[in-house]
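> Build me a structure from this.
(one chain, ligands or ions: 1)
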Amino acid sequence: MTTMKKQVVLYKKLSPLLMARLQAQAEVTLIESLDATGLARLREALPRAHGLLGASLKLDAGLLDLAPHLEAIASVSVGVDNYDIDYLSERRILLSNTPDVLTETTADTGFALILATARRVVELANVVRAGEWTRNVGPGQFGTDVHGKTLGIIGMGRIGEALAQRGHFGFGMPIIYHSHSPKPAVEQRFDAQYRSLPELLQQADFVCLTLPLTAETEGLIGAEQFALMGAQTIFINISRGKVVDEAALIKALRTGQIRAAGLDVFEREPLNPESPLLQLNNVVATPHIGSATHETREAMAKCAVDNLLAALAGERPANLVNVRAWKV
Ligand code: NAP
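Now for the predicted structure:
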């Protein structure tokens, strides 16, 4: 007797190798892009889908109600703010993500933003490119040191820890951090010290966000928090844009309440080209590239395929997010 293959809808392109692995086990529909046509194709495919794999799409109940046979969603991301976890658990749809494989690369991105903002790399590289490098730079173009400065990490999880490792061992930076709870192992390894959020904001030279977007963290950093930072503070966000009140950030940058910002994530993505952030020389903005290297994106896709195939085979995926949906 031949068993019918399960139906999988992909809304992210896979490498030929991973595509072949998935197709060996499942009937695959690929939605190439999430424009209006792609979304219409997705809505057409959902009624027969057993599994979904992709990223950067808000999959709310309105869409998922179209998928009565859905068993599993494999997100190609570690952040799961695009999903209604209670809804998925109620329907016993297994949600998996791709932690760990992106940790080091995302921490590299964080450090790239730290260095770029402190040393004004983008702003001054643009001076050279524009043919305006006519004499040696003077104090007006000087940056500020990174080594030896205090690195403040908000959200001491996997990525926070990888950032602390770079700061402590690579740049001799004292590490202070804020998280739900103190992390004795991290404190020992990096000589790090726990701080309340207001204390961290007052004491850190670099304030780095590495926590997830949740109901609790949405808007966590606003006018009141920027007011606690100093005129020399550099603010780095590699978590999610909505953790920050962007209007308050713009005001803090414009008024010199803080020195600079390195931002990989924004309230709305893609960032509007008219955003005031892009008119400020003291902002380095990158297009959500935290994990965007060839090696890491392939590792994330492999992890997501493994998670999805396990779930569709009735096994518990290695990176199950909503444990409540798992029936023993
Ligand atoms: P993780 O290991 O779960 O770490 C998150 C940390 O945030 C945890 O240590 C947690 O503290 C802390 N936290 C959560 N809510 C908090 C709150 N209200 N106050 C203080 N601390 C809080 O996750 P991760 O793998 O490091 O990833 C973190 C986030 O980075 C992801 O959720 C994603 O949004 C973002 N990210 C962005 C990119 C990008 O492209 N820019 C790439 C990858 C990830 P406890 O441990 O004490 O609970």
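> For T109, what is the enclosing helix or strand?
Using DSSP states H and E, T109 sits in helix 103-118.
> can you dump the C-alpha coordinates of that helix into PDB?
Output in PDB follows, covering the C-alpha atoms of helix 103-118 (Å, rounded to 0.1, in the frame of the first residue of the first chain):
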ATOM      1  CA  THR A 103      23.500  32.900  17.400                       C
ATOM      2  CA  GLU A 104      27.100  33.700  16.500                       C
ATOM      3  CA  THR A 105      26.300  35.400  13.200                       C
ATOM      4  CA  THR A 106      23.700  37.600  14.800                       C
ATOM      5  CA  ALA A 107      26.200  38.500  17.500                       C
ATOM      6  CA  ASP A 108      28.700  39.400  14.700                       C
ATOM      7  CA  THR A 109      26.000  41.800  13.300                       C
ATOM      8  CA  GLY A 110      25.600  43.300  16.700                       C
ATOM      9  CA  PHE A 111      29.300  43.900  16.900                       C
ATOM     10  CA  ALA A 112      29.500  45.300  13.400                       C
ATOM     11  CA  LEU A 113      26.900  47.900  14.500                       C
ATOM     12  CA  ILE A 114      28.800  48.700  17.700                       C
ATOM     13  CA  LEU A 115      32.000  49.300  15.700                       C
ATOM     14  CA  ALA A 116      30.300  51.100  12.800                       C
ATOM     15  CA  THR A 117      28.500  53.600  15.100                       C
ATOM     16  CA  ALA A 118      31.400  54.200  17.500                       C
END
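> any idea which helix or strand comes after the helix or strand where A248 lies?
A248 is located in helix 246-254, with elements delineated by DSSP H and E. Of the helices and strands lying after helix 246-254 in sequence (DSSP H and E), the nearest is strand 260-263.
> List the buried residues of that following strand.
Neighbour counts over strand 260-263 (16 or more other C-beta atoms under 10 Å) mark 260-263 as buried. The C-beta positions use only the backbone N, C-alpha and C, and glycine is treated the same way.
> Torsion angles phi and psi at the residue of the stretch 201-328 of the chain found nearest the ligand?
For the stretch 201-328 of the chain and the ligand, the shortest gap (C-beta to the nearest ligand atom) falls at G290, measuring 2.2 Å. Dihedral pair for G290: phi -40, psi -50, per degrees, to the nearest 10.
> who touches it in this structure?
Going by C-beta atoms under 8 Å, 6 or more residues apart in numbering, G290 touches 102, 105-106, 109-110, 238, 264-265.
> right, and the pair among those residues with maximum separation?
Within the contacts of G290, T105 and V265 form the most distant pair, 14.9 Å apart (C-beta to C-beta).
> Now do the helices in this protein.
Assigned by DSSP state H, the helices in the chain fall at 16-25, 36-45, 61-64, 85-90, 103-118, 121-129, 158-165, 171, 184-190, 197-203, 223-228, 246-254, 294-312.
> Contacts for the second one, please.
Surrounding helix 36-45, the residues in contact under the criterion C-beta under 8 Å, 6+ apart are 7, 9, 11, 29, 31-32, 34, 63, 66.
> Let's see if you can find the most crowded of those residues.
Using other C-beta atoms under 10 Å as the neighbour criterion, V9 leads the contacts of helix 36-45 with 25 neighbours.
> Distance of that residue relative to the ligand?
Remark: distance between V9 and the ligand (C-beta to the nearest ligand atom, to the nearest Å) = 23 Å.
> these two touch, right, that residue and H50?
No - V9 lies out of contact with H50 (C-beta atoms under 8 Å); the separation is 9.0 Å.
> so how many other residues sit close to A24?
A24: 9 surrounding residues under other C-beta under 10 Å.
> and if you look at the one 3 residues further on?
Other residues near E27 number 15, with proximity taken as other C-beta under 10 Å.
> Now do the same contact list for it.
With contact set as C-beta under 8 Å, 6+ apart, E27 has these partners: 5-8.
> Not counting its neighbours along the chain, what's nearest A252?
Of all residues not flanking A252 in the chain, F226 sits nearest, at 3.8 Å (C-beta to C-beta, 6 or more residues apart in numbering).
> Who are the contact partners of the residue lying closest to H50 once chain neighbours are set aside?
Spatial nearest neighbour of H50, chain neighbours left out: K6 (4.1 Å); criterion: C-beta to C-beta, 6+ apart. Contacts for K6 were tallied using C-beta under 8 Å, 6+ apart; they are 25-27, 50-51, 71, 312.
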